[in-house]
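> Sharing a model that was predicted from the sequence below.
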Amino acid sequence: QLDVIIRSSLQNLREKIDQLKDLLLRAVSTHQITQLEGDRRQNLVDDLLTRQKQLQASYKNEGTEPDVIRSSLMTGGVKRGVTNPWLLEEPEETRGLGFDDLRQQQRRIIEEQDAGLDALSSVISRQKQMGQEIGNELDEQN
């Protein structure tokens with residue numbers, strides 16, 4: 001009976017990961033999320049898929065030693081140089097915020113970036129105008 005439960009849970013996990021992949025693809029293609037966020041989430045889904053395959057192999061007693069697989073699943077994997085995003089601490093500025101609050105904070109940050117870009121654009125336009133006036137003055141002097 002335990003064997004049936006494990007097999008069914010592994011199949012359910014695989015189906016849920018496939019659903020996540022489809023939803024992520026749809027979210028990126030309809031621009032509900034940015035491409036950068038889509039890439040970050042795709043990496044998380046790929047990590048889930050890898051872990052699902054490790055669980056499947058551990059269940060079938062294939063590949064590496066099951067104890068090694070089990071311990072790597074609990075410690076965040078055996079990949080070199082790659083950190084498990086679930087083990088990272090949440091930044092202080094987002095701790096305790098709900099989905100709407102996070103979205104509002106993201107909009108505020110984007111508005112600040114837009115304002116900074118507008119200021120940069122006006123500075124560059126002014127420099128362009130000054131450069132053209134200097135060029136005209138040089139032509140006149142020559």
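Good, I have the coordinates.

> looking at this structure, which helix or strand is least sure?
Within the chain, no helix or strand scores below helix 66-75, which has a mean of 56 by mean pLDDT, DSSP states H and E.

> Pull the residues that contact stretch 1-11.
With contacts defined as Cβ atoms under 8 Å, 6 or more residues apart in numbering, stretch 1-11 is touched by 52, 55-56, 59. (C-beta placed from N, C-alpha, C; glycine too.)

> wait, I meant stretch 21-40
Stretch 21-40 has contacts (Cβ under 8 Å, 6+ apart) with 41-42, 45.

> need those residues in a markdown table with distance to residue 11, secondary structure and neighbour count, can you?
Listed next are these as a markdown table, based on distance: Cβ to Cβ, whole Å; DSSP: H, G, I helix; E, B strand; the rest coil; neighbours: other Cβ atoms under 10 Å:
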| residue | distance to residue 11 | secondary structure | neighbour count |
| --- | --- | --- | --- |
| 41 | 23 | helix | 17 |
| 42 | 22 | helix | 15 |
| 45 | 17 | helix | 16 |
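
> Go through this protein and flag its longest helix.
Looking across the chain with DSSP state H, the single longest helix is helix 99-141.

> tell me the pLDDT at residue 133?
Residue-level confidence at residue 133 comes out at 95, pLDDT.

> Ok, residue 16 next?
pLDDT, read off for residue 16, is 91.

> what about it, distance to residue 106?
In this view, residue 16 and residue 106 are 26 Å apart by Cβ to Cβ, to the nearest Å.

> Spatially central residue for the chain, please.
residue 40 (1.9 Å; Cα atoms, centre = their mean).

> Fine by me, we can end here.
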